[in-house]
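> Next one to model:
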Amino acid sequence: METAKKVGDNIKLARKNKGLTQSEVAGLMFMTQQQYSRFENGVFELNYGQILKLCEIFEITPNYLFGFED
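Numbers count the residues shown, from 1 in each chain. As a prediction, the model looks like this:
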């Protein structure tokens with residue numbers, strides 16, 4: 001579960017760097033804000049498609065998402 005929390009923290013940072021709200025990202029991901037919030041909080045783990053979509057939205061790499069680069 002530690003990985004999910006680390007990824008969630010990186011998602012949150014990337015979202016804030018883009019100036020987006022959780023609700024805005026949730027809409028782009030076709031889910032509710034509550035569902036999206038669970039990813040940022042490390043409660044739920046992302047699937048491959050969701051990882052790629054978030055990388056596209058935030059203009060980041062999967063390596064950044066998983067904390068392998070700054």
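> Check the residue nearest to the spatial centre of the chain and give its pLDDT.
Centroid check for the chain by Cα atoms, centre = their mean gives Ile11 as the closest residue, at 3.5 Å. Looking at Ile11, its pLDDT is 97.
> what's the helix or strand for it?
Assigned by DSSP states H and E, Ile11 belongs to helix 2-18.
> Work out the gap between that helix and the centre of the chain.
6 Å (Cα atoms, centre = their mean, to the nearest Å).
> residues in contact with that helix?
By Cβ atoms under 8 Å, 6 or more residues apart in numbering, the surrounding residues in contact with helix 2-18 are 21-22, 25, 39-46, 54, 57-60, 64-67. Placement of C-beta: from N, CA and C, glycine included.
> could you redo the last one with a cut-off of 6 Å?
By Cβ atoms under 6 Å, 6 or more residues apart in numbering, the surrounding residues in contact with helix 2-18 are Val25, Phe39, Glu40, Asn41, Gly42, Glu45, Phe58, Ile60, Leu65, Gly67.
> how many neighbours does the second one have?
Phe39 is surrounded by 23 other residues when neighbours are defined as other Cβ atoms under 10 Å.
> what sits against it?
If you count contacts by Cβ under 6 Å, 6+ apart, then Phe39 has Gly8, Leu46 around it.
> can you do 10 Å?
Phe39 makes contacts with 4, 7-8, 11-12, 22, 25-26, 29, 31, 45-46, 50, 54, as judged by Cβ atoms under 10 Å, 6 or more residues apart in numbering.
> before we move on, what about the fourth one?
Residues touching Asn41, when contacts are defined by Cβ under 10 Å, 6+ apart, comprise Ala4, Lys5, Gly8, Asp9, Ile11, Lys12.
> Recalculate using a threshold of 6 Å.
Residues in contact with Asn41 (Cβ under 6 Å, 6+ apart) are Gly8.
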